[in-house]
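Undergrad: My questions concern the predicted model and sequence given below.
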Number of protein chains: 2
Amino acid sequence: MSIANSLTVDDLGSAAQRDRRKRILDATYELASEGGFDAVQMRAVADQAEVALGTLYRYFPSKIHLLVSALGREFERAEALLREKPIPGDTAAERVIFVLKKTTRGLQGDPHLTEALTRAFMFADSSVAHEIHSVGMLMTSMLTHAMHPGVTDLTEDDVAIARVIGDVWLSALVAWVTGRSTAAETGAHMENAVHLLLRD
Amino acid sequence: MSIANSLTVDDLGSAAQRDRRKRILDATYELASEGGFDAVQMRAVADQAEVALGTLYRYFPSKIHLLVSALGREFERAEALLREKPIPGDTAAERVIFVLKKTTRGLQGDPHLTEALTRAFMFADSSVAHEIHSVGMLMTSMLTHAMHPGVTDLTEDDVAIARVIGDVWLSALVAWVTGRSTAAETGAHMENAVHLLLRD
DNA sequence: GACATAATAGGAACACGTTCCACTTCGTCC
DNA sequence: GGACGAAGTGGAACGTGTTCCTATTATGTC
């Protein structure tokens, strides 16, 4: 009993909280992946994560926070994947397009999930500013890394260009998830924008 | 009575519908201007427009349609205003920045309204594609007009540049209405982007 | 081990977008 | 001017995000 207890104590504590948080984000991910934004219903997330509704709201104060946090986790994964291998391409433009296409392809492979996460990102207000900022930084960092691999002291122009590309990427993604443009148009538009911005 | 009837027939008919539509959009505008997206409640709009809830939904099938239509009306006004006078500035970049700043200043003068309309625009799905497309075309046309006043045969690059600037503008607006960046940052970012894209 | 505090469960209740229905009024056609 | 379909009214009802409350369980302290 004491052993069981000590084990329990080890497994629970803040580990229990990490576990709950993970279960919640996993449930969010799964529901979003199956049915998009509308399918991520707070009661459904709570049920699937085996957590009470009140607990869900204790961990994530709103549906938007929940989805943006899930988006953040996805971006961290994508960024980690990108860091594993050097980015192919001889010019900054080629490398940036590679990163954009790879990331976009990943997102478009799971349209419902992407719809849910993009919607949430676009609908967030200032109370989610912190989470949004993390995602924005990750995106900018992915892009500057593609532009100048290994370089740490970036010029203001580099950062500005990365931000503009990020803006275009977001807009294109929104147009795509809302069914206003096709995947091909999205890709072409992003490629255009990169060539306009990185003429080297 | 027959005179009254004929008058009534003239005043009502589709004129009554135009009037209802206008009252609804006016109510939307006023509520949005006072309290933003959340304050535009369908029951409140219906009350203020002196229209039944079912009638409101007959004219605009969702809150998003309603707000995007209101946004469209605002853009038409802004575009008409711009067409009145020639755009000052010696270079394309100067003229584009003038247009962006003027339009943005107009929007930022009514933050709640802008928040409501931008939210709706970003949250729209494919069922609102038609209305969104109108707004997008207006924006692109305003920007190409600023780049090349009076020119009608634009190159693909011109249109692509206008679209990228539009994307940046939207992203900046979203960041601003969601409290993630200040008006000054928004302006600076847009100015940066224009200079990156229009180096003439 | 007993207790104080915090976290969770379970679920009722509320708000607002949306749908639906029964009834009335309007516009049109004979 | 009577009949008929379309449009409008008024309001109930439903779904889902969010809040709130009480009972129960876990955690940390003496």
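TA: That came through fine.

Undergrad: got the contact list for the residue lying closest to A:N192 once chain neighbours are set aside?
TA: Residue nearest to A:N192 in three dimensions, not counting chain neighbours: B:A160, with 4.6 Å by C-beta to C-beta, 6 or more residues apart in numbering or on different chains. No exception for glycine: its C-beta is placed from N, CA and C like everyone else's. Counting by C-beta atoms under 8 Å, 6 or more residues apart in numbering or on different chains, B:A160 touches A:H189, A:N192, A:A193, A:L196.

Undergrad: out of the residues you listed, which is most surrounded?
TA: A:A193 (27 neighbours; other C-beta atoms under 10 Å in any protein chain shown).

Undergrad: these two touch, right, that one and B:G166?
TA: No: under the criterion of C-beta atoms under 8 Å, A:A193 is not in contact with B:G166, lying 11.0 Å apart.

Undergrad: related to what we said a few turns ago, which SS class is the residue nearest to A:N192?
TA: helix (DSSP: H, G, I helix; E, B strand; the rest coil).

Undergrad: Would you mind measuring from it to A:L143?
TA: Per C-beta to C-beta, to the nearest Å, B:A160 is found 19 Å from A:L143.

Undergrad: Also A:T91?
TA: According to C-beta to C-beta, A:T91 and A:L143 sit 14 Å apart.

Undergrad: neighbour-wise, which of the two wins?
TA: For A:T91 versus A:L143, neighbours defined as other C-beta under 10 Å are more numerous around A:L143 (25 against 12).

Undergrad: What helices and strands are in contact with the helix or strand where that one lies?
TA: According to DSSP states H and E, A:L143 maps onto helix A:129-147. Counting contacts by 3 or more C-beta pairs under 8 Å, 6 or more residues apart in numbering or on different chains; DSSP states H and E, helix A:129-147 packs against helix A:63-84, helix A:92-108, helix A:156-177.

Undergrad: Dump the ones you listed to JSON lines, plus mean pLDDT.
TA: Below are these laid out as JSON lines (pLDDT from 0 to 100):
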{"stretch": "helix A:63-84", "mean pLDDT": "90"}
{"stretch": "helix A:92-108", "mean pLDDT": "92"}
{"stretch": "helix A:156-177", "mean pLDDT": "91"}
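
Undergrad: looking at those, which is closest to B:A39?
TA: B:A39 sits nearest to helix A:63-84 of all the helices and strands packed on helix A:129-147, at 18.5 Å, using C-beta to C-beta.

Undergrad: Okay, angle between the closest one and helix A:129-147 too, please.
TA: Helix A:63-84 runs at 20 degrees relative to helix A:129-147, counting by axes from the mean of the first three to the mean of the last three C-alpha atoms, to 10 degrees.

Undergrad: before we move on, the earlier item: what about the helix holding A:L143 and DNA strand D, any contact?
TA: No: if you take C-beta under 7 Å from any atom of the strand as the test, helix A:129-147 misses DNA strand D, and the best it gets is 14.1 Å.

Undergrad: what angle separates that helix from helix A:92-108?
TA: Helix A:129-147 and helix A:92-108 meet at an angle of 130 degrees, taking the same axes, to 10 degrees as the criterion.

Undergrad: Give me the mean pLDDT for helix A:129-147.
TA: For helix A:129-147, mean pLDDT is 89.

Undergrad: now do stretch A:33-44
TA: Mean pLDDT, taken over the full extent of stretch A:33-44, equals 96.

Undergrad: Near chain B, which residues of chain A are found?
TA: With the criterion set to C-beta under 8 Å from any C-beta of the partner chain, chain A comes near chain B through A:119, A:122-126, A:128-129, A:132-133, A:157, A:160-161, A:163-164, A:166-168, A:170-172, A:174, A:178-180, A:189, A:192-193, A:196-197.
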